[in-house]
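> how would this look folded up:
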Amino acid sequence: MITYRDMVIFDLGAVQAMERAVYPDDAWSLAQFKEELAGAPRNRFYIVACEEEEIVGYAGIAITQDIADIHTLTVEPKYRRRGIGNELLRKIEDWAIDRGALSLMLEMRVGNSQAQPLYEAAGYQSISERKHYYGTGVHATIMKKVVPGEK
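Next comes the predicted model:
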């Protein structure tokens, strides 16, 4: 059974290890995760998905005024296709909308065939591209979702 809870500082070793395994060329550092958690709960929200005590996924979002920016959403590869990514996304979106977000944004590596269907099914649309966002020659698609009922 998968459970979800707020990320705490003691989770960062496991989270950063998963980050390095999934994104070996451009993983966030431990310092970056610590900096993000320092902004919670004021304008940032980071959660983990757990099976028993093992962290199998994590997600984070920040809000500035009425725009929320999804910073990260990762599920351990052997746990994918079980709805964990959908649930992480729903939880961080709900948090941001409850705090007044009218739109949600994210950057996704061009060609990320795992993440793109998840975001598109949730209502995100590609609005532009950022060249070399993940390093030389590795571009990002910028996606946006307008909160239902907003323009």
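> which of the residues in the helix ranked longest in the chain are buried?
Identified as the longest helix of the chain according to DSSP state H is helix 84-98. For helix 84-98, the neighbour count (16 or more other C-beta atoms under 10 Å) marks Ile84, Gly85, Glu87, Leu88, Leu89, Lys91, Ile92, Glu93, Trp95, Ala96, Ile97 as buried. C-beta here means a position set from N, CA and C on the backbone, and glycine is covered the same way.
> ok, now which ones touch the second one?
Contact partners of Gly85, counting by C-beta atoms under 8 Å, 6 or more residues apart in numbering, are Gly57, Leu73, Val75, Ala115, Leu118.
> that's a strand at Asp26, yeah?
No: Asp26 sits outside any strand when classified using DSSP: H, G, I helix; E, B strand; the rest coil, being coil.
> Low-confidence stretches in the protein?
Where the chain drops to pLDDT under 70, the residues are 150-151.
> can you rerun that using 90?
For the chain, the stretches with pLDDT under 90 are 24-26, 37-42, 109-115, 132-139, 148-151.
> so where do the strands sit in it?
With DSSP state E, the ranges of strands along the chain come out as 2-6, 44-51, 54-64, 67-75, 103-109, 125-130, 140-146.
> which stretch among these comes nearest Ser29?
Ser29 sits nearest to strand 67-75 of all those, at 12.7 Å, using C-beta to C-beta.
> Look up how far Lys145 lies from Tyr124.
Distance from Tyr124 to Lys145, counting by C-beta to C-beta, to the nearest Å: 5 Å.
> okay, those two: which has more neighbours?
Per other C-beta atoms under 10 Å, whichever of Tyr124 and Lys145 has more neighbours is Tyr124, with 23 against 20.
> which residue sits closest to that one, ignoring its sequence neighbours?
Excluding the flanking residues, the one nearest Tyr124 by C-beta to C-beta, 6 or more residues apart in numbering is Met143, at 4.1 Å.
> Also Asp66?
Closest to Asp66 by C-beta to C-beta, 6+ apart is Leu102, at 4.3 Å.
> for that neighbour, what are its contacts?
Asp66, Ile67, Val146, Val147, Glu150.
> does Cys50 have beta-bridge partners, and which?
Note on Cys50: beta-bridge partners by DSSP bridges are Thr3, Ile55.
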